[in-house]
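Participant: The amino acid sequence is not available; the structure is as follows:
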């Protein structure tokens, strides 16, 4: 029998989670029932939103998340052995899936595109950035952009995609000097700053002295305040998350003190829920795959090798250890 | 000679202004220079935003605002004696204007429509409500609406116009039991509550238990927080002002503690600056005038009779004494 491993939460984290809040539970991998297929997971996505889930989700139940797997055995007529599938039963080594149920879909492997990209810039992370830029911000060529938590999965994808869309000056905030170098040296940001170096509003004013037209906001709190300060009249913010608050949900983060500028500068602040934009997936792939193949764009990723590293990888990500999308590589 | 009176600010108000912060300055009304016309003001608009101006505007200089006047003498070839004009040199009895300069335009008096409506539901107040509903919120028939400071100028106009646009349930907040009665009895709101009776979010949840799709927000602070709480997923807020903070600009008002719901409910919060929508004025009149004539819609106004009442009227408005748009009636 094949052994399957799931991650189950055993306690509610107080702030930053520790490995003691979880256990890895081993069992025989199940045989697929009629209509289902047994999938071996190749890559797993662990994301900031999982921290939020951990305050409310059930204990002693396998955690879930986006995953990319290969069919080992199938009794689903839509899936054949060896098929690559995207599904939502991550945080484990094996899963039973049914094509078309709960978002399960076959993945088309593109020559010259790493498989992991399907959980990175071609996955929910890239889709979030793409929807924020094209649907929420409706970014026009030449417009200047600010991205917070720019060195993360959504932030790197936003910088790459905005460049392809013809953005003007692209500025990012990040949590270390190394990440700042990574943004300007590797990802293609025009400017970046370490938010530890001062108030975000002041740092942004130095990095983008002429202001910005649009913001992809990942952090909340003082980052949102700085973004509001840096926007020109009529500017827009696509708010995709609030990493800063996931570890302190009991106490809401300080809201921006300059929120009234939304009126006085006629700003638009709009939340992005990527689950409402699944139909844009094909458009995203059509848009990005040629650039991924040509090498003009990369899927920025930090890959943790081996399923057993999932907890350290996740906890490290909450502390900001990764650049680009954090993925767990389970097997080839 | 005709005596002209202006209002000039002599001190910075600390919180709520008092008459001692101003003086009425009398002088001979000027003769029109070539290219200008002397206008006798009939109605003056005093608005919450004037309080904001008083923290930053110049002292010992005539205050300004929207006004409706009649040409007394003209050396502007575009204006004739007796013409009715809209202009922005209010807070005074007389003004020198030039057609087409600084928004000066001729007013078309409609049979069966009171002249004052041109500074009320047909003026900037009504235009603000109309733009918020049709451009910012893009309200669709059947959608449920919440309006804060609903008994004020923008709030009453928003309720009237939303009804004409086919809104579903319309709920308003106001500052007294009398205003609540006025909203449901006169303006046509389906439900209203006195915000002194509890947290706005709880009162809204009782008045609109199924939630709302859209909000016209006039107040800020806890009203904005309540509005965010009451919105369904995908809801929109047109933020047109923040009366609550005009008297305490030194200290920004408490921002909504639930601001993150903008992400988790995919809300849109958008500031409305009516000055960007002057071209909608004709559409507003085409839309409303037939209903004003038929009596289906009224321009809700509190009219202070006589120029000398302007300061008490303005200060009273900041304290919430008016229902509908506050206007100063200078002369017939």
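Facilitator: Now that the structure is in, tell me what you want to look at. This is a predicted model, so every value here is computed, not measured.
Participant: Next, count neighbours for residue A:304.
Facilitator: Residue A:304 has 23 neighbouring residues, counting by other C-beta atoms under 10 Å in any protein chain shown. (Glycine included, C-beta is placed from N, CA and C.)
Participant: Contacts only, for residue A:81.
Facilitator: Going by C-beta atoms under 8 Å, 6 or more residues apart in numbering or on different chains, residue A:81 touches A:71-74.
Participant: how far does the helix ranked longest in chain A sit from the chain's center?
Facilitator: Using DSSP state H, we find that the single longest helix of chain A is helix A:281-294. Here helix A:281-294 is found 17 Å from its chain centre; the criterion is C-alpha atoms, centre = their mean, to the nearest Å.
Participant: So which elements touch the helix or strand that comes right after that helix?
Facilitator: Once the chain leaves helix A:281-294, the next helix or strand it forms, by DSSP states H and E, is strand A:301-305. If you count contacts as 3 or more C-beta pairs under 8 Å, 6 or more residues apart in numbering or on different chains; DSSP states H and E, strand A:301-305 packs onto helix A:310-318, strand A:325-329.
Participant: between strand A:301-305 and helix A:310-318, how big is the angle?
Facilitator: 150 degrees (axes from the mean of the first three to the mean of the last three C-alpha atoms, to 10 degrees).
Participant: And the helices and strands packed on strand A:301-305: which comes nearest chain B?
Facilitator: Chain B lies closest to helix A:310-318 among these, at 17.0 Å (C-beta to the nearest C-beta).
Participant: Quick check: buried residues in the closest one?
Facilitator: Residues of helix A:310-318 classed as buried: A:310-311, A:313-318 (neighbour count, 16 or more other C-beta atoms under 10 Å in any protein chain shown).
Participant: Tell me which residues are up against the longest helix of chain A.
Facilitator: Residues contacting helix A:281-294 (C-beta under 8 Å, 6+ apart): A:108, A:110-113, A:117, A:121-122, A:126-127, A:130, A:161, A:164, A:297-299.
Participant: Could you find the lowest-pLDDT member of the residues you listed?
Facilitator: Here the lowest pLDDT out of these sits on residue A:108, with 90.
Participant: ok, that residue - contacts?
Facilitator: Counted by C-beta under 8 Å, 6+ apart, residue A:108 has contacts residue A:285.
Participant: now it, what's its secondary structure?
Facilitator: Using DSSP: H, G, I helix; E, B strand; the rest coil, the structure places residue A:108 in coil.
Participant: hang on, the earlier thing: for the buried residues of helix A:310-318, give me TSV that also has pLDDT and distance to residue B:145.
Facilitator: Listed next are the buried residues of helix A:310-318 as TSV, based on pLDDT from 0 to 100; distance: C-beta to C-beta, whole Å:
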residue	pLDDT	distance to residue B:145
A:310	97	47
A:311	97	47
A:313	96	47
A:314	95	43
A:315	94	45
A:316	93	46
A:317	91	42
A:318	89	40
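Participant: Tabulate the residues you listed in TSV, adding columns for distance to residue B:284.
Facilitator: Shown next, in TSV, are the buried residues of helix A:310-318 (distance: C-beta to C-beta, whole Å):
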residue	distance to residue B:284
A:310	59
A:311	60
A:313	57
A:314	54
A:315	57
A:316	57
A:317	52
A:318	51
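Participant: so what's the residue in the stretch 101-250 of chain A that chain B sits nearest to closest to, chain neighbours aside?
Facilitator: Nearest residue of the stretch 101-250 of chain A to chain B (C-beta to the nearest C-beta) works out as residue A:239 at 5.1 Å. Using C-beta to C-beta, 6 or more residues apart in numbering or on different chains and skipping the chain neighbours, the partner closest in space to residue A:239 is residue A:217 (4.6 Å).
Participant: re earlier: ok, the residue of the stretch 101-250 of chain A closest to chain B touching residue B:262?
Facilitator: Yes: assessed by C-beta atoms under 8 Å, residue A:239 is found in contact with residue B:262 at 5.7 Å.
Participant: which stretch of helix or strand covers whichever residue of the stretch 151-300 of chain A sits closest to chain B?
Facilitator: Relative to chain B, the nearest point of the stretch 151-300 of chain A is residue A:255 (3.1 Å; C-beta to the nearest C-beta). Using DSSP H and E, residue A:255 maps to neither a helix nor a strand.
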